[in-house]
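# Sharing a model that was predicted from the sequence below.
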Amino acid sequence: HLDQAWWDGISDPISYSPYSSDPLLLQFHLQQTAILNSPVGPKTTHFWGPVSNLGFFIAGVADMKKPPEMLSGNMTGVLCVYSALFMRFAWMVRPRNHMLLASHALNESVQLYQLSRWAKGKGYLQPKEDKAPSST
Amino acid sequence: MATSKLQALWNHPAGPKTIHFWAPTFKWGISIANIADFAKPPEKLSYPQQFAVTATGIIWSRYSMVITPKNWNLLSVNLAMAGTGLYQLSRKIRHDYFNEEETAALKE
């Protein structure tokens, strides 16, 4: 009972609290289990690591205006695989790190988009009709 | 004896059959991609991306030493990220801000 709180996916913490009959104890329990005191909250390393990963997402968004020639295929491809692996890692690690999962999901989407822009710029995504004359 | 030790490593809860191994191991890919990009001309480097690489490397280097147990693997990979990121940033800054005198001198 006491071991579970909102970050484990319980929808109604008040009904699960063993202190629902005692308002003061209930208030204390809710305070202790609130976001600021969460084991993955802003007072812990589990929080600021994912925040730094948002830096990749912000960099990706800032680079969306750039022409595809300026993008690095190496870095973008690596970041796509990196974020995919770390989404799985964030899900399997204990305590489960939803913030890390979210930051990598955002980064994955931006990096995949940038990868497609880079590939189109390099001509890797041409339809087959264009390549037919050269292959015959 | 050796095979049982290898087996223990292979079946480790954070071993090569799990994501706990491959996710941090693959983080080296970021530093390797950055090293491959050392050959790129500085105009093509991205300030936001290199800054994100450097900042991530520095923050995670600190936290890998603060957690229990200390994670030297994590420390090394993030120090490498911070190092390559700083080098790329220095290349681009040098090109953007300290080569102007040379190009101005060439024009004259």
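Here it is on my side, so go on. Numbers count the residues shown, from 1 in each chain, chains lettered A, B, ... in the order given.

# Nearest residue to the middle of chain B?
Among the residues of chain B, the one closest to the centroid is B:Met81, at 1.6 Å (Cα atoms, centre = their mean).

# For that residue, which non-adjacent residue is closest in space?
Nearest in space to B:Met81, with sequence neighbours left out and distances taken as Cβ to Cβ, 6 or more residues apart in numbering or on different chains, is B:Gly57 at 3.5 Å. Backbone N, C-alpha and C define where each C-beta goes, glycine included.

# same for the helix or strand where A:Leu25 lies, what does it pack against?
For A:Leu25, the enclosing helix or strand under DSSP states H and E is helix A:23-32. If you count contacts as 3 or more Cβ pairs under 8 Å, 6 or more residues apart in numbering or on different chains; DSSP states H and E, helix A:23-32 packs onto helix A:13-16.

# how much space is there between the residue nearest to the centre of chain B and A:Pro18?
45 Å (Cβ to Cβ, to the nearest Å).

# Enumerate the residues of chain A near chain B.
Counting by Cβ under 8 Å from any Cβ of the partner chain, the positions of chain A adjacent to chain B are A:45, A:48-49, A:52-53, A:55-56, A:58-60, A:62-63, A:66, A:69-72, A:74-75, A:77-79, A:81-82, A:85-86, A:88-89, A:92-93.

# Taking those residues, please make a ChimeraX selection of just the buried ones.
To isolate the buried members of these in ChimeraX, using 16 or more other Cβ atoms under 10 Å in any protein chain shown:
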select /A:48,49,52,53,55,56,58,59,60,62,63,71,72,74,75,77,78,79,82,85,86,88,89,93
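
# Stretch B:23-43 - what's its average pLDDT?
For stretch B:23-43, mean pLDDT rounds to 93.

# measure it end to end?
31 Å (Cα to Cα, to the nearest Å).

# Check stretch A:64-73 too.
Stretch A:64-73 stretches 14 Å from its first residue to its last (Cα to Cα).

# Rounded mean pLDDT for it, please.
Averaged over stretch A:64-73, pLDDT sits at 92.

# what do you get for stretch A:103-122?
Rounded mean pLDDT across stretch A:103-122 is 95.

# Against chain A, how distant is the closest residue to B:Glu43 other than its chain neighbours?
Ranked by Cβ to Cβ, 6+ apart and with sequence neighbours excluded, the top spatial neighbour of B:Glu43 is B:His95, at 7.1 Å. Distance from B:His95 to chain A, counting by Cβ to the nearest Cβ, to the nearest Å: 14 Å.
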